[in-house]
Each structure stands twice: as structure tokens, then as C-alpha cells.
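Asker: Fold the following, please.
(chains A and B)
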2 protein chains.
Amino acid sequence: MNKKIYIGNTASISKIFTEQDVEKFAALSEDRNPVHLDAEFAKNSIFKQRIVHGMLSASLFSGLLGEQLPGQGTIYLGQNLKFTAPVPIGEEITATVEIIDIRADKPIVTLRTYCKDSKDNLVIDGEAVVLIPNP
Amino acid sequence: MNKKIYIGNTASISKIFTEQDVEKFAALSEDRNPVHLDAEFAKNSIFKQRIVHGMLSASLFSGLLGEQLPGQGTIYLGQNLKFTAPVPIGEEITATVEIIDIRADKPIVTLRTYCKDSKDNLVIDGEAVVLIPNP
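Answerer: Here you go, the predicted structure:
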């Protein structure tokens, strides 16, 4: 088994999603909800400002899993997400994956996956399950 | 409660993700796994060809929930995903959301969320939970 694969190992990435990023994701996902795109609408919403799509913030887990932990070759089997707080455009968030379970019988690993904002508030929590074909 | 909100109601969207879409998503998610971006690498992988990021296909659920069912104002509370088969670049997929539960005490709705490819193979399955602030 890959030396990185042990309970408690983590990998993180920080990123600020800009207005342009949110507009690109809106086009990709066909999610043009005005709370993401329209400053005037967003100001009058419960969020008070434009927010990043939850699935865009969550996409950072895909990068961490596929590039860092476990890394290249990883096959994504599943992802559970709870969106616990909104992320305003321009807010720095940090996504982290942490190995919490390694199956004894198969090279299948479960990771806790979470995102925090710059004030250390949890904005996304969840778990990913991945297969490592050549552990 | 919004007239659209009843058990069994569905909304769908079809989309073909192109090489350019996958490249844009790679930059947004920081997921530059070569199975998505490098044709030569992908040809020698178990997938035999470049595939769409699972989280990019899954992003279509965000658009359906936020724009169609329940529609604007929907607050995304959670999303569970199982990636059951790969999606090659250029393959048409159809994402569907279907209301499967409506809480009696709060305006919280659970939807089955799934994606099929053009041969009707299930490529993603899961569930979303959303809040409708002004039902």
C-alpha cells in the first residue's frame, strides 16, 4: 500500500473563488441562480451578498483526492456533502481531506472531506470513498 | 407550498461536456488529474479515454435544483453521490432530480438525483436535501 495511506493523514488546499470563477461554473453547471450571479438580487436574499456555488467549493475535494491524497490513479466512488454555511465570493476557503478508514479486504479508502472559511467556520462537511487501483 | 412540490415530480437536463469544459473545470477545481486532461495517459488507464470529472457531471444537479425543481430561492443543504460509471468526454448525459420526500414539519425536501448516459446506463446516483425558504 502507498506510504501516504494511513489513518489520520491529511491534505489541504486553499482557494479564493472570484466573480469570474463563479460565472464560469454557472455556465458549466447551467446553474445561473441569481444568488450567485446578480449582486442586487443577492443583497436582498438571506445571504446578503453573492455566494459561491456549494458544488464549486466542493470540487476542491476532487482535486485533493486525484492529485494529492491518495493522488493520481485514484478512482472516485462516492462523495457525501453537507453545506453548513454560505461562502461569499472573494472569501478564502481551505478544503481538507483526511483518511478515516482503510478497508482490510479491498484498496478502498474513506476520507472525511471538509471546507472551512478564513474565520475557521465549517462551510462544508462530508466524506469521500475512493478506490486505489494499484495501492 | 409551491405547486411543483409533490412526491414523484421530476426535472431533467441533458448536456455534453466538451474538452474545453473539462479544461475549465480542471482549473476551477484544481483537479488536473491526467485521466481528464491527457489523451495519451487516459488511453492507457482503465478508462481507455479522457473522462469528465465526476463532480462536473454532478454539478448539473445544482442547476436543476436551483433553477427548475424546486427552483430559485432553494437552499442546498446536502448532496450524496455515488459515481457508478465513467463519462467519456463528448458523451451526452441526462441529469434528473425527483422529489422523494417532503418533511411535514419544515419546508425541507429530499430528491433522488441521478445521471444517465446516452445508452441509459446509470453514471451517478444519489440524493439531495434542500430547504425552500418561502414555500
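Asker: what is the closest residue to A:Y114 other than its chain neighbours paired to in the beta sheet?
Answerer: Spatial nearest neighbour of A:Y114, excluding adjacent residues (Cβ to Cβ, 6 or more residues apart in numbering or on different chains): A:D125 at 4.7 Å. For glycine as for every other residue, the C-beta is placed from the backbone atoms N, C-alpha and C. Beta-bridge pairing for A:D125 (DSSP bridges): A:K82, A:Y114.
Asker: Just give me the neighbour total for A:D125.
Answerer: A:D125 is flanked by 16 other residues according to other Cβ atoms under 10 Å in any protein chain shown.
Asker: which residues touch it?
Answerer: Going by Cβ atoms under 8 Å, 6 or more residues apart in numbering or on different chains, A:D125 touches A:L81, A:K82, A:T84, A:R112, A:T113, A:Y114, A:C115.
Asker: my read: the last one touches A:I124, true?
Answerer: By that I understand A:C115. Yes. Taking Cβ atoms under 8 Å as the definition, A:C115 is a contact partner of A:I124 at 4.1 Å.
Asker: related to what we said a few turns ago, would you reformat the contacts of A:D125 as a markdown table and include pLDDT?
Answerer: Converted to a markdown table, these look like this (pLDDT from 0 to 100):
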| residue | pLDDT |
| --- | --- |
| A:L81 | 98 |
| A:K82 | 98 |
| A:T84 | 97 |
| A:R112 | 98 |
| A:T113 | 98 |
| A:Y114 | 98 |
| A:C115 | 98 |
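Asker: which of those are buried?
Answerer: Among these, the ones that count as buried by 16 or more other Cβ atoms under 10 Å in any protein chain shown are A:L81, A:K82, A:T84, A:T113, A:Y114, A:C115.
Asker: Max pairwise distance over these: which two?
Answerer: Across the buried ones among the contacts of A:D125, the longest distance by Cβ to Cβ is 12.6 Å; it joins A:T84 and A:T113.
Asker: what stretches of chain A score poorly on pLDDT?
Answerer: In the predicted model of chain A, residues A:1, A:135 satisfy pLDDT under 70.
Asker: Closest to the centroid, which residue in chain A?
Answerer: Nearest to the geometric centre of chain A sits A:A58, at 2.6 Å (Cα atoms, centre = their mean).
Asker: so who does the nearest residue to that one once chain neighbours are set aside touch?
Answerer: Spatial nearest neighbour of A:A58, chain neighbours left out: A:L81 (5.3 Å); criterion: Cβ to Cβ, 6+ apart. Contacts for A:L81 (Cβ under 8 Å, 6+ apart) come out as A:G54, A:A58, A:T113, A:I124, A:D125, A:G126, B:G78, B:Q79, B:N80, B:L81.
Asker: can you rerun that using 7 Å?
Answerer: By Cβ atoms under 7 Å, 6 or more residues apart in numbering or on different chains, the residues touching A:L81 are A:A58, A:I124, A:G126, B:G78, B:Q79.
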